[in-house]
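[1] Predicted model and sequence below, questions to follow.
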Amino acid sequence: MNFNLSEEQIAFAEAARDFAQGELAPYAAQWDEEEIFPRDAFAKAGEMGFCAIYAPESIGGLELPRLEAALVFEEMASVDPSTAAFLTIHNMATWMVGTWGSESLKNQWGEALSSGQKLASYCLTEPGSGSDAASLSTKAEKQGDNYVLSGSKAFISGGGDTDLLVVMARTGAEGARGISAFAVPANTPGIEYGRKEQKMGWNSQSTRPITFDKVKIPADYLLGREGDGFKLAMKGLDGGRINIATCSVGAAQGAYEAAKTYMNERKQFGKHIAEFQALQFKLADMLTNIVASRQMVRLAASKLDSNDANASAYCAMAKRFATDMCFQVCLDAQQIHGGYGYLKDYPIERLVRDTRVHQILEGTNEIMRVIIARQILVNGADIR
Ligand SMILES: Cc1cc2nc3c(=O)[nH]c(=O)nc-3n(C[C@H](O)[C@H](O)[C@H](O)COP(=O)(O)OP(=O)(O)OC[C@H]3O[C@@H](n4cnc5c(N)ncnc54)[C@H](O)[C@@H]3O)c2cc1C
């Protein structure tokens with residue numbers, strides 16, 4: 001078992017670090033404060049291949065393993081978890097289009113999404129169906145060569161600022177098997193965007209409700225087959241959960257580095273606070289939890305790449321563990337900064353605000369436990 005990265009992987013991570021330091025770090029606080037969705041930065045990320053890291057080459061993606069995607073997202077999240085997290089959602093939606101889209105859909109949208117010229121949102125949650133996503137009620141009806149969609153979605157990241165919506169809608173009976181997935185151009189007549197949500201963090205990306213009123217799209221904008229939509233949505237989310245977990249690892253690494261630096265600068269009682277064993281132990285625990293989280297994420301990434309039968313459970317474990325552990329690391333880093341950690345002069349408070357939501361979205365951490373428990377107790381999986 002080799003835990004070391006290859007030379008290519010190290011070089012790839014370094015390229016992502018340079019990008020994060022040059023294109024995200026200088027602006028992250030301003031994007032947060034002024035709630036700016038940085039389209040130009042996403043286009044520049046696209047030039048590096050970061051908008052389609054694991055999407056198929058046939059649509060211009062890099063088709064790399066999930067580990068490589070994690071290397072990139074971790075570097076970006078260490079300076080700007082909000083912008084990095086939107087990029088992960090775009091990657092997930094682009095992968096779904098590239099993997100299950102028809103030839104005509106891929107021809108029309110594939111390259112534009114992969115290059116970051118066009119951006120995509122993922123639309124599963126509805127006002128009445130969050131954790132119980134399979135109960136969604138947005139409907140899609142086949143009418144000749146089209147589908148017609150009606151219903152509402154809630155909490156859509158990038159909603160109102162993106163160009164393509166991957167929408168899960170009901171084409172059949174109640175339950176997961178009655179759901180299909182569609183690619184819907186975001187400016188199609190009948191789509192309305194609601195008020196931009198005012199959030200605790202993730203301010204460099206908009207979050208809006210969306211309503212669909214008899215929205216007509218070509219029938220070949222269906223992803224996969226009718227009735228496959230929930231399965232595809234969950235496959236997308238397996239990778240999405242690794243990505244979000246990675247954003248927590250990156251943010252925690254950024255917070256840990258800042259705390260370490262601060263401990264060697266700040267003096268109280270006539271010495272650097274780094275000399276207090278209580279803080280030394282805190283820093284040691286922070287690093288331990290970051291390393292453990294990173295290993296969980298990389299294990300889940302390799303299980304997903306190898307189509308392991310328990311991959312979904314590993315992704316859920318990694319998401320639950322890394323988002324909980326790394327949020328705590330950010331809180332600890334804030335504590336080490338004392339009162340200064342509460343001020344916007346330092347990036348710590350932004351890292352705390354941005355990572356809180358990772359415990360809630362792409363399936364809450366309670367739902368991660370539901371997934372893991374079901375795999376062990378109902379499906380009888382022997383996971384070690
Ligand atoms: C900033 C932000 C961005 C988002 N972006 C997107 C997006 O781009 N696309 C998208 O589709 N969605 C998005 N979401 C929605 C997100 O995925 C949901 O908020 C999340 O899945 C939880 O659903 P809910 O808010 O309806 O909570 P609920 O499902 O109502 O849950 C409420 C509480 O009950 C708990 N709970 C529910 N069921 C169970 C159970 N069986 N056992 C134990 N506990 C349970 C939950 O864990 C939670 O604590 C976003 C949310 C936020 C906040």
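    Good, I have the coordinates.

[2] Residue 285 and residue 41, how far apart?
    Spatial separation of residue 285 from residue 41 under the definition C-beta to C-beta, to the nearest Å is 34 Å. No exception for glycine: its C-beta is placed from N, CA and C like everyone else's.

[3] wait, isn't residue 329 in contact with residue 256?
    Yes - with contact taken as C-beta atoms under 8 Å, residue 329 and residue 256 are classed as touching, separated by 6.1 Å.

[4] all helices of the stretch 201-350 of the chain, in order?
    Counting by DSSP state H, counting those that start in this stretch, the stretch 201-350 of the chain has these helices, from start to end: 229-265, 277-305, 311-336, 348-356.

[5] coming back round to it: between residue 329 and residue 256, which one's more packed in?
    Regarding residue 329 and residue 256, a neighbour count based on other C-beta atoms under 10 Å identifies residue 329 as having more, with 31 against 22.

[6] Give me the phi and psi angles of the residue of the stretch 51-200 of the chain found nearest the ligand.
    Going by C-beta to the nearest ligand atom, the ligand is nearest to residue 130 of the stretch 51-200 of the chain, at 1.7 Å. Listed backbone geometry of residue 130 is phi -110, psi -90, with angles given as degrees, to the nearest 10.

[7] what number of residues lie near it?
    If you count neighbours by other C-beta under 10 Å, residue 130 ends up with 18.

[8] list the contacts for it?
    residue 154 (C-beta atoms under 8 Å, 6 or more residues apart in numbering).

[9] pLDDT value on it, please?
    Predicted confidence (pLDDT) for residue 130: 98.

[10] doesn't residue 368 make contact with residue 320?
    Yes - judged on C-beta under 8 Å, residue 320 makes contact with residue 368 at a distance of 3.9 Å.

[11] sorry, back to before: what sits in contact with each of residue 329 and residue 256?
    286, 290.

[12] quick one, what contacts residue 383?
    310, 313-314, 375-376.

[13] That should have said residue 211, apologies.
    By C-beta under 8 Å, 6+ apart, the residues touching residue 211 are 151-153, 191-192, 194.

[14] show me where the stretch 51-200 of the chain has helices.
    With DSSP H, counting those that start in this stretch, the ranges of helices along the stretch 51-200 of the chain come out as 66-77, 81-100, 103-105, 111-115.

[15] can I get those in TSV with distance to the ligand?
    Compiled in TSV, the helices of the stretch 51-200 of the chain are given as follows (distance: least, C-beta to the nearest ligand atom, whole Å):
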stretch	distance to the ligand
helix 66-77	15
helix 81-100	6
helix 103-105	20
helix 111-115	16
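
[16] Let's have those in a markdown table, adding mean pLDDT and mean neighbour count.
    As requested, the helices of the stretch 51-200 of the chain are arranged in a markdown table below (pLDDT from 0 to 100; neighbours: other C-beta atoms under 10 Å):
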| stretch | mean pLDDT | mean neighbour count |
| --- | --- | --- |
| helix 66-77 | 97 | 26 |
| helix 81-100 | 98 | 27 |
| helix 103-105 | 98 | 14 |
| helix 111-115 | 98 | 22 |
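
[17] if we can go back for a sec, restricted to buried residues, select the contacts of residue 211 in PyMOL.
    What follows is the PyMOL syntax for the buried subset of the contacts of residue 211, where burial is set by 16 or more other C-beta atoms under 10 Å:
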select buried, resi 151+152+153+191+194
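
[18] Out of the contacts of residue 211, flag the one nearest to residue 248.
    Lowest distance from residue 248 to these (C-beta to C-beta) belongs to residue 153, with 24.8 Å.

[19] I'd guessed that closest one sits against residue 208; true?
    No - assessed by C-beta under 8 Å, residue 153 is found out of contact with residue 208, at 9.1 Å.

[20] what is in contact with these two at once?
    Overlap of the contact sets of residue 153 and residue 208 (by C-beta under 8 Å, 6+ apart) consists of residue 159.

[21] before we move on, back to that, nearest to the ligand, out of the helices of the stretch 201-350 of the chain?
    From the helices of the stretch 201-350 of the chain, taking C-beta to the nearest ligand atom, the stretch that ends up closest is helix 229-265, at 8.5 Å.

[22] quick one: average pLDDT of stretch 301-311?
    Stretch 301-311 comes out at a mean pLDDT of 97.

[23] Pull up the distance across it, start to finish.
    Distances were taken as C-alpha to C-alpha, to the nearest Å; on that basis the terminal residues of stretch 301-311 are 8 Å apart.

[24] For it, which outside residues touch it?
    Outside stretch 301-311, the residues that touch it by C-beta under 8 Å, 6+ apart are 65-67, 69-70, 238-239, 242, 300, 314-315, 375, 381, 383.
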